[in-house]
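Student: Turn this into a model:
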Amino acid sequence: MMNLRKCFTALILVLSAISTVMAQYKEPEKKDKVEIFRPEIAFDSLQAKKMLARGTATIKGKAFTKPMNNIGFKSGRRIYANQIKVTLFPVTPYFEAWYQLRKDKESLRRRRYVYLSDDAYRYRLEAITNSNGEFTFPDMKPGKYFLQGFLGYTSNGTYNEYTGSGYSGYGRTDYYQQKRYAVDHKDRIEEFIEVKENGEIVKVRLH
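Tutor: The predicted structure is shown next:
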């Protein structure tokens, strides 16, 4: 009887230990945390579909960016979007809520992202630019639209790398060798536009 009681007590202790282990939560490192936000209002697919129905207006644009200088401003020659995808979304109340949420919450550095729902992303048009960054959306209806593209480019430069020092009767001399570097970039280029009436041609610079 005593042995049975000891076995029962040991079993309870083992089950308690397993329960404790299963209840453990490992806190992720801050660098690994990802936060996802989505608009809370409902997406109206019928409204979006109606806005993307065929019309008689045309949107013609040119997509480009400029390289970032050392103090954080874009300057210099234009870099035209060569064969990139430009996406057009109808600006519905849901989309406006998404854009405001993105302004309030998005932080790529802190890995905080704001996503459209799958249904909202489905209602879009796409165009491909030529080598001069030109693109066209034909057969558009009057309304407000949001254009977005992602333009990749590479910046190149040089820097002086320290290679050692030498000493002579004149003192110490430091030696450097010029090295080249390349940095890849991807700019998100966006613009809100409005088609006011059928038959018009709306021109836009997407940068």
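
Student: Keeping just the C-alphas, turn the strand or helix carrying Asp139 into CSV.
Tutor: Element membership for Asp139 (DSSP states H and E) is strand 134-140. Taking C-alpha atoms only, strand 134-140 is exported to CSV below (Å, rounded to 0.1, in the frame of the first residue of the first chain):
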residue,chain,number,x,y,z
GLU,A,134,6.0,55.8,-68.7
PHE,A,135,2.8,54.0,-68.0
THR,A,136,-0.9,54.2,-68.9
PHE,A,137,-4.2,53.2,-67.4
PRO,A,138,-6.8,53.4,-70.1
ASP,A,139,-10.7,53.2,-69.8
MET,A,140,-10.9,54.8,-66.4
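
Student: Quickly run through the sheet partners of that strand, with directions.
Tutor: Using DSSP bridges, strand 134-140 pairs in its sheet with strand 57-65 (antiparallel).

Student: Report the next helix or strand after the partner strand in sequence order.
Tutor: As assigned by DSSP H and E, the chain's next helix or strand after strand 57-65 is strand 79-80.

Student: packing partners for that following strand?
Tutor: Under the contact definition 3 or more CB pairs under 8 Å, 6 or more residues apart in numbering; DSSP states H and E, strand 79-80 sits against strand 57-65. From N, CA and C alone the C-beta is placed, and that goes for glycine too.

Student: got the contact list for the strand holding Asp139?
Tutor: 54-63, 86, 88, 125, 127-129, 195, 202, 206 (CB atoms under 8 Å, 6 or more residues apart in numbering).

Student: what's the answer for stretch 185-205, then?
Tutor: Residues outside stretch 185-205 that contact it (CB under 8 Å, 6+ apart) are 55-65, 67-68, 81, 91, 140-155, 206-207.

Student: Drop the exposed ones from those residues and show what's left.
Tutor: Buried members of the contacts of stretch 185-205, counted by 16 or more other CB atoms under 10 Å: 55, 57-59, 61-65, 67, 81, 91, 140-141, 143-147, 149, 151, 153, 206-207.

Student: pLDDT wise, what is Val14 at?
Tutor: On pLDDT, Val14 comes in at 53.

Student: Please apply the same query to the one 4 residues further on.
Tutor: Residue-level confidence at Ile18 comes out at 52, pLDDT.
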